[in-house]
Every structure is written in structure tokens, then in C-alpha cells.
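Trainee: Below: sequence and its predicted model.
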Number of protein chains: 2
Amino acid sequence: MITEKFLEVLKDEGVVSIVSMGTEEPHIVNTWNSYLVLTPDERILIPAYAMRKTEKNTNQNNKIKLALGSRNVIGYNDYQGTGFVLEGTAKFFDSGAEYDMMKGKFPFLTRVLEVTVTSLKQML
Amino acid sequence: MITEKFLEVLKDEGVVSIVSMGTEEPHIVNTWNSYLVLTPDERILIPAYAMRKTEKNTNQNNKIKLALGSRNVIGYNDYQGTGFVLEGTAKFFDSGAEYDMMKGKFPFLTRVLEVTVTSLKQML
């Protein structure tokens, strides 16, 4: 499901929006393209420092959406820029081998947000 | 409400996420930092080409959230990067002096998305 174009975007720095489904309204937190770590089975691991409301929301409803892109990666029809909207399910964890690997890369994290991708759409 | 730091981010290119409140779940579309045009009274004008679902959603519920940032603008405590989550109300329009001004800048647009900012929060 993950494409070469998506991997290209991860290599170029930018803002990622993480949207969780609140009971009242959606909640947004941000991270950086360079903070997304892809596992061999194509889950996405993201260092979580605060993200308390995101965690609370995903405990109620684990559906999550991410948006990211880069103006420096060519999209469809040679357009200068591309972007993705990704849907998935979220889980937070704070121990285990993947936690330790992530803590090594991002010492500031207190938990890891794991996103299991269910849909990846290149928007342009 | 708009800050110098926010204006700095607009000058550096990046992805903006626009989140509308759907009846089922939030909907995300993206644009670029450089596409946000600030009016003297601090509304934000955004060129709309497709954005049909966003328009439909905002006709039902005009609340909208935007997230944007830049790794190249210094945030709080000298952090390398900053980001904003902005809340507001949305309206689409397709005629008038502001439409003509926007059409001059962005010939591809079919409507203009106007966001009246109700809250602007610098996240880091």
C-alpha cells in the first residue's frame, strides 16, 4: 500500500497533521515527515510526547487520519508538489522492542503512536 | 490574533491541512502555505479548485480547522520548527472584488474559501 512516492515525501521535511475523531469535533496534532518510521510490515511509528487528547480520542475511536506532503516532490502530471491523505487505526504503546528502537531515535518520546494504514491516497 | 510568527510560516513553503467536520467523520484537504492570503481584517482567503466535500461539509457545519507550520521557523524555546492549529468559520464564494483579486493570483481556482479565524494557537 505504501508507494515509492510516499517514501520520497518522508525524506523531505514538512508538517504532518494527525487528525483523531473526538466526541465533539476532530482534534489535530502535528509532527514532522522525518519522524515517521515505517516498519517492514508497513505500520507507521510516530514518537509521542504530549498527544494526550489524541490518545484519549483514539481510546474511544481508533480511526485516525494523517495528511502530509512536499512541495519538492513531483506529483501527478509533473505538478511541482505532492500530498497524501492516509487513513488507519491508531494504538499507543510504551514498552517493547519497537518502543526501545523508537526511544533510541527520539529520546524525548514518552509513548509511541502506531498507525496501521487502511488507505493511502495520493491527492495530487 | 494573527502573529508575526504565523506570517513567517506563510513565507516558508509547506503543506496546510484543512479539516472540515463531516457528518460521519472529519474530512481533510490540503493546500500550501504560500496559497494563504491574509486580508487587512485578518480573514484568510484560500484558492479552491476541487474541495467539493469540504464545501458540502461547511454548508452543514461551518466550523473548520487548519494546521500548518515550518521546520525553518524558530518556535518556542529556540526549537527548530514551529506549527499552528487555527480554528475558524468557513465560507465559499465565487464572485466579487476579493474573488477577482484571488483569481488574478491563482488562475486555476473556481471558488475562494474564506476562513474567519476564531482561534490561533502556536503549538511549539
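Mentor: Everything's here; your move. Residues are numbered from 1 along each chain as shown, chains lettered A, B, ... in the order given.
Trainee: which residues touch residue A:120?
Mentor: A:1, A:2, A:3, A:6, A:84, A:86, A:87 (Cβ atoms under 8 Å, 6 or more residues apart in numbering or on different chains). From N, CA and C alone the C-beta is placed, and that goes for glycine too.
Trainee: I'd like these as a markdown table, with distance to chain B, neighbour count and pLDDT appended.
Mentor: Putting the contacts of residue A:120 into a markdown table (distance: Cβ to the nearest Cβ, whole Å; neighbours: other Cβ atoms under 10 Å in any protein chain shown; pLDDT from 0 to 100) gives the following:
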| residue | distance to chain B | neighbour count | pLDDT |
| --- | --- | --- | --- |
| A:1 | 18 | 10 | 86 |
| A:2 | 18 | 14 | 94 |
| A:3 | 17 | 11 | 96 |
| A:6 | 14 | 21 | 98 |
| A:84 | 9 | 24 | 98 |
| A:86 | 10 | 24 | 98 |
| A:87 | 9 | 17 | 98 |
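Trainee: hmm, which two among these are most spread apart?
Mentor: A:3 and A:87 (15.0 Å; Cβ to Cβ).
Trainee: CA atoms only: put stretch A:65-82 into CSV for me.
Mentor: This file holds the C-alpha atoms of stretch A:65-82, laid out as CSV (Å, rounded to 0.1, in the frame of the first residue of the first chain):
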residue,chain,number,x,y,z
LYS,A,65,-6.2,10.3,9.5
LEU,A,66,-2.9,11.8,8.5
ALA,A,67,-2.1,14.4,5.9
LEU,A,68,1.4,15.2,4.6
GLY,A,69,3.2,16.2,1.5
SER,A,70,6.1,18.1,0.0
ARG,A,71,6.4,20.9,-2.5
ASN,A,72,9.8,19.4,-3.6
VAL,A,73,8.4,16.0,-4.8
ILE,A,74,6.7,15.8,-8.2
GLY,A,75,3.1,14.8,-8.2
TYR,A,76,0.7,13.7,-10.9
ASN,A,77,1.1,15.3,-14.4
ASP,A,78,4.5,16.8,-13.4
TYR,A,79,2.9,19.0,-10.8
GLN,A,80,5.5,20.6,-8.5
GLY,A,81,4.4,19.1,-5.2
THR,A,82,2.5,16.2,-3.9
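Trainee: any idea how far it is from the chain center?
Mentor: 16 Å (Cα atoms, centre = their mean, to the nearest Å).
Trainee: got a list of contacts for that stretch?
Mentor: Contacts of stretch A:65-82 (Cβ under 8 Å, 6+ apart): A:5, A:8-9, A:12, A:14-19, A:33, A:36, A:44, A:83-88, A:115, A:122-124, B:13-15, B:17, B:25-26, B:28, B:30, B:32.
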